[in-house]
Structures are given as structure tokens and as C-alpha cells.
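Student: okay, sequence plus prediction incoming.
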Amino acid sequence: MTSRKPTTLLRLRPRAREINVKLAVGCMLAVVLLGVASAVPAADWPQWRGPGGQGHSNAKGLPLTWSETENVAWRTVIPGRAWSSPVIEGQHIWLTTAVESEAPLTEKAKKLKDNFAGQPLSIVGKVSLRAVCVDRSSGKLLHDVELLVAESPDPVHQLNSFASPSPILENGRLYAHFGTNGTACLETTTQKVLWTNRELKLKHENGPGSTPILWGDLLIVHCDGSDTQSIAALSKLDGKVAWRTNRSGEMNPEPQLKKAYGTPLITKVSGREAVLSPAADWLYAYEPETGRELWKLKYGALGFSIVPRPVVGHGMIFVGTSFMKPEILAVTLDDNPKIAWRFSKQAPNMPSPLLVGDELYIVADKGVATCLDAKSGEANWTERLGGNFCSSPMFADGRILIGNREGQTFVIAPGKTYKLLATNLLDGEIMATPAAVDADLFVRTSKALYRIAAKK
């Protein structure tokens, strides 16, 4: 294992502020993205936001409308509580979940006393962290496997869960990350746990949210807590730490402003693959083989508790800076990165952006959707959808789908003019991001997993 403090290329000191931290970090969508330059073989929907991790699906023939009584092929209740998004290989849909037990009153009182940030927390006893498999055709629950046990876990924000990071499927293996509570690898054909790792300890303050990515033989994870901030890589063969690199950018001295819940992506920068990693106050680029820092760029304003997954296109990476003053930044992808434009009006704290052609689509947590010109940052349209949003938008069958915590999915036509095609309602909150394969849409709500398909 190597641990390094990389040479810094940019040293800009963030403005210190005294801030009454108010954070709704839940719904941290677990986010898995293997960037544009990498490939994930075999699985139909191997990671959060699809094969490219950019929120795009090749699905065709999806129904325009659905409800509890229309175009639902099946509905399956998933045990436990979790916001991770489904991944799919062949006829098998895999999800992670957390089965919680009640905490003693004395333990609850002690942990509430330590809640220095004053967040609305969920305090539980022992938690069983599990992987669940559902048959794609029938909705039958096939497997329910315990991966790890958290005996006395730190509290999570009431909007979050203990299984918010999404799993990754590759070549018959499921990689599941639960933040400070551990990481596990499951052989999907035998349901055997091949390895676990509990070394990457940190104080999330609001629970886990960062989804890992795969690159070669490495599983790369963010470890951005209030106490320690780094990025690490585990060997996907045995789970051992291959490298760990400390964040080098200077941050606000307040510990609560150092944490982040983002997910990296891998893409090419100046002809070589790089890990693009959004953290508190800074966007970093790392060499995936070694964890060596290539460069970093300061957001230019306080940005912490990062949740959105970046997307790339037009020679830029589009990054959300999340809490305090959320903005969308367009950053040039080269060895001397610069902020090409920034957009702050109704920018999201949690939902990730979606790039379709020349347009970048965002939805604010409070339900205002905006279509931006990706090259200039100018707004084409802004519309209030209504509701509260954590789930990230996706593009499937020529349409944009955006789900909210009220169980609604808004179906919007892409383009410079706003056109709402349908509003669909299911039971429960939509915190996870759907998956779409062939002519099927799979939506996880807080109540069940749905297969949405047109009646034949």
C-alpha cells in the first residue's frame, strides 16, 4: 500500500466562514460511474447511471405512462431500507440493502449528544448490510445475502440510509461499498462472499454516500469525512488497499465543511486516463494506477458535502458543488484546467446533471428544472416541476426521466423548448436512480422495486 501527499499545482485558500451547517445529505445516491474512457464488460446495466455512468440508456419501447395500475409488469418489496440504485446482468437484478435493529435508549442518547452539527439523525443498533437479487422476468426474490454487519454504526441523516452507495457488476462479481462500514465482493453465481475490507474508516457525519468505480484491477473509492479526506483504491481481486492519497487542497478549518459524498469518474485528459474526483472545495485529477495527483482546481466558492456525479462532454467536465452555495461548473479537460462557465440559479445540491447533445439538464432539490447550453452555460428554459428531488435524471428511449421523493416521474422531451410529456406516480419515495434495459424500466422506491413495461 502507498499513502501519499501529492505535490500541489494550485494553492488557493478558501474563504473562512462561520456557518450554521444545515445539510440534507440523505438520498445520496449512490453513484457508480466508470467514465467515458473505461469499459465494463458483460452486464446490461453494470453501475449507477448506466454502462457509461452518464445517465444514458439504449432502451427502446418504454411506456410513456405508468402508475400502480398501468404498465407495471411486477412489483417486489425489497427487505430493509436503502437508496442504492439497481444494477442488472442478464436475468438478474442486484441491489444492496440494510436491515436495521433498534438501538438501546442509552446508546441513542449518547450518539445524539455527539451530534455537534445538529442534524436530524437516524440512530439504530446492529445493521445487516446485504445484497439482494431479483429475477428480471418474474420479480421473484432469488437471493438475500449478508455481506457485512455493522455492530454499532455511526448515525445517518434521516434522509440517508446505510446502503446508499450503489453496487457494481463485472464478470460475475458484485462489488458493494458501505462507506466506513466496509466493502465486500460477492460471487453472483454462488452467492459466496469472496472478500471484505473494513480499513477505510472515516466520519461521514450523515452516513455513506460515495459510490466506487472500477478501473482495471482496482476498485476506487472516496473517503471524504469530517476527520480525514482521501481517495483510495482496493484490489478487486482480494480487497487489499493498493494505494491511498490524501487530499492536498487547503479547506475551511471547520471539520463539517471538509466532508463530501461524491463519486469519481474516469475519462481521458490530454490523451491519458485520469480519475476525476470531486471533493470538498476542489476538483482533483489522479493517475488511476498509482493515485498520484495530476492536478486540482478550486471551485472558487465554498463547496462541500458534494453529492452529484459529474458528466463529461464538449471537452469539459460538468461538476456540481453541492451545499452552501450550489453551482454547476464547466471545467476544461486538459492539463491546465479552467472554469469555462458557472451557473448558480436553482443549481442542485444532490441530483447529478444530465448531458444530452448540446444541452445540459439539471434539477434543483426543490423541483426546478433547467436546460442549459452546455457550451456557454446560458439557460434555454427553466420550469418548476414540483416536489423534492434526490434522484438523478436519465435519458432513455429519446426522453428525459426525472423522479422525485413524492413518487412522481416527470417525462420530458429533450430540446431547447420545454415540453412535459407525462407525469407518472408510484407508491413511495424515489431516491434511487432507475435502470433501463431493452424495453423495461426498473424503478426502486422506498416501498418496492418496479418493472415498468408496456402491455403486449
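Tutor: Received the coordinates, thanks.

Student: and for K240, the neighbour number?
Tutor: Close neighbours of K240, defined as other C-beta atoms under 10 Å, add up to 12. Every C-beta, even on glycine, is put in place using the N, C-alpha and C of the backbone.

Student: host element of the nearest residue to A232 once chain neighbours are set aside?
Tutor: Spatially, and ignoring its direct neighbours in sequence, A232 is nearest to R244 (4.0 Å; C-beta to C-beta, 6 or more residues apart in numbering). For R244, the host element (DSSP states H and E) is strand 241-246.

Student: pLDDT of stretch 243-259, averaged?
Tutor: The average pLDDT for stretch 243-259 rounds to 96.

Student: returning to what we had before: from what I can see the residue nearest to A232 touches Y286, true?
Tutor: No - in this structure, R244 is not within contact of Y286 by C-beta atoms under 8 Å, at 11.2 Å.

Student: low-confidence ranges in the stretch 101-250 of the chain?
Tutor: For the stretch 101-250 of the chain, the stretches flagged by pLDDT under 70 are 114-117.

Student: Q47 against S166, yeah?
Tutor: Yes - in this structure, Q47 is within contact of S166 by C-beta under 8 Å, at 6.8 Å.

Student: quick one: the residue nearest to A232 and L95, what's the gap?
Tutor: Counting by C-beta to C-beta, to the nearest Å, the gap from R244 to L95 is 28 Å.

Student: of the two, who's got more company?
Tutor: The residue with more neighbours, out of R244 and L95, is L95; 26 against 20, by other C-beta under 10 Å.

Student: need the overlap of contacts for R244 and Y286.
Tutor: Shared contacts of R244 and Y286 (C-beta atoms under 8 Å, 6 or more residues apart in numbering): I231.

Student: picking up where we left off before, and the gap between the residue nearest to A232 and V275?
Tutor: R244 sits 13 Å away from V275, going by C-beta to C-beta.

Student: which residues are common contacts for the two?
Tutor: Shared contacts of R244 and V275, counting by C-beta under 8 Å, 6+ apart, come down to I231.

Student: now the spatially closest residue to N336 that is not a sequence neighbour: which helix or strand?
Tutor: Take N336 and drop its neighbours on the chain: the residue closest to it by C-beta to C-beta, 6+ apart is W295, 7.8 Å away. Using DSSP H and E, W295 falls within strand 293-298.

Student: okay, the angle between that strand and strand 241-246?
Tutor: The directions of strand 293-298 and strand 241-246 differ by 40 degrees, with axes from the mean of the first three to the mean of the last three C-alpha atoms, to 10 degrees as the criterion.

Student: how about the CA coordinates for strand 293-298, as PDB?
Tutor: The C-alpha trace of strand 293-298 is given here as PDB (Å, rounded to 0.1, in the frame of the first residue of the first chain):
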ATOM      1  CA  GLU A 293      -2.300  13.700  -8.100                       C
ATOM      2  CA  LEU A 294      -2.100  15.200 -11.600                       C
ATOM      3  CA  TRP A 295      -3.800  18.500 -10.900                       C
ATOM      4  CA  LYS A 296      -6.500  20.100  -8.800                       C
ATOM      5  CA  LEU A 297      -8.800  23.100  -9.400                       C
ATOM      6  CA  LYS A 298     -10.600  25.100  -6.700                       C
END
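
Student: what comes up buried for stretch 359-369?
Tutor: Within stretch 359-369, the residues scored as buried using 16 or more other C-beta atoms under 10 Å are E359, L360, Y361, I362, V363, A364, D365, G367, V368, A369.

Student: if you could redo that for stretch 227-234, that was the one I meant.
Tutor: For stretch 227-234, a neighbour-count test (16+ other C-beta under 10 Å) marks T228, Q229, S230, I231, A232, A233, L234 as buried.

Student: name the residues that touch that stretch?
Tutor: So stretch 227-234 is in contact with 183, 197, 200, 202-203, 215, 218-224, 240-247, 251, 255, 258-260, 264, 275, 277, 279-280, 284, 286, 288, 291, going by C-beta under 8 Å, 6+ apart.

Student: the spatially closest residue to G313 that is not a sequence neighbour - how many residues pack around it?
Tutor: Excluding its sequence neighbours, the residue lying closest to G313 (C-beta to C-beta, 6+ apart) is L355, at 4.7 Å. Look at L355: counted by other C-beta under 10 Å, it has 21 neighbours.

Student: that's a strand at L355, yeah?
Tutor: Yes - assessed with DSSP: H, G, I helix; E, B strand; the rest coil, L355 lies in a strand.

Student: surely it and Q54 touch.
Tutor: Yes - judged on C-beta under 8 Å, L355 makes contact with Q54 at a distance of 6.7 Å.

Student: what touches both of those two?
Tutor: Contact criterion C-beta under 8 Å, 6+ apart; residues shared by L355 and Q54: V311, V312.

Student: circling back to that earlier point, contact partners for the residue nearest to G313?
Tutor: So L355 contacts Q54, V311, V312, G313, F318, Y361, A374 (C-beta under 8 Å, 6+ apart).

Student: return the residues in contact with the fifth one.
Tutor: Think F318. Residues in contact with F318, defined by C-beta under 8 Å, 6+ apart, are P310, V311, V312, I328, L329, A330, V331, P353, L355, L360, A374.

Student: which residues does the fifth one form beta bridges with?
Tutor: For L329, the beta-bridge partners are V319, R342 (DSSP bridges).

Student: quick one: name whatever helix or strand follows the strand holding W295.
Tutor: Using DSSP H and E, the next helix or strand after strand 293-298 towards the C-terminus is strand 303-304.

Student: just how off-centre is that next one within its chain?
Tutor: Strand 303-304 has its C-alpha centroid displaced from the chain centroid by 16 Å (C-alpha atoms, centre = their mean, to the nearest Å).

Student: could you do stretch 69-82 as well?
Tutor: A distance of 21 Å separates the centroid of the chain from that of stretch 69-82, by C-alpha atoms, centre = their mean.

Student: now swap in stretch 185-202 and tell me
Tutor: On C-alpha atoms, centre = their mean, the centre of stretch 185-202 falls 20 Å from the chain's centre.

Student: same deal with stretch 61-75?
Tutor: 25 Å.

Student: just the helices from this protein, written as ranges.
Tutor: 105-113 (DSSP state H).

Student: show me what the strand holding R244 is packed against.
Tutor: Taking 3 or more C-beta pairs under 8 Å, 6 or more residues apart in numbering; DSSP states H and E as contact, the helices and strands that strand 241-246 lies on are strand 2-4, strand 229-235.

Student: list the buried residues for it?
Tutor: Neighbour-count burial for strand 241-246 [16+ other C-beta under 10 Å]: A242, W243, R244, T245, N246.

Student: contact partners for A347?
Tutor: A347 neighbours (C-beta under 8 Å, 6+ apart): G320, T321, P326, E327, I328, I362, A364.

Student: looking at the residues you listed, which is nearest M394?
Tutor: I362 (13.3 Å; C-beta to C-beta).

Student: in this structure D335 contacts K268, no?
Tutor: No - using C-beta under 8 Å, D335 is not in contact with K268; the gap is 11.9 Å.
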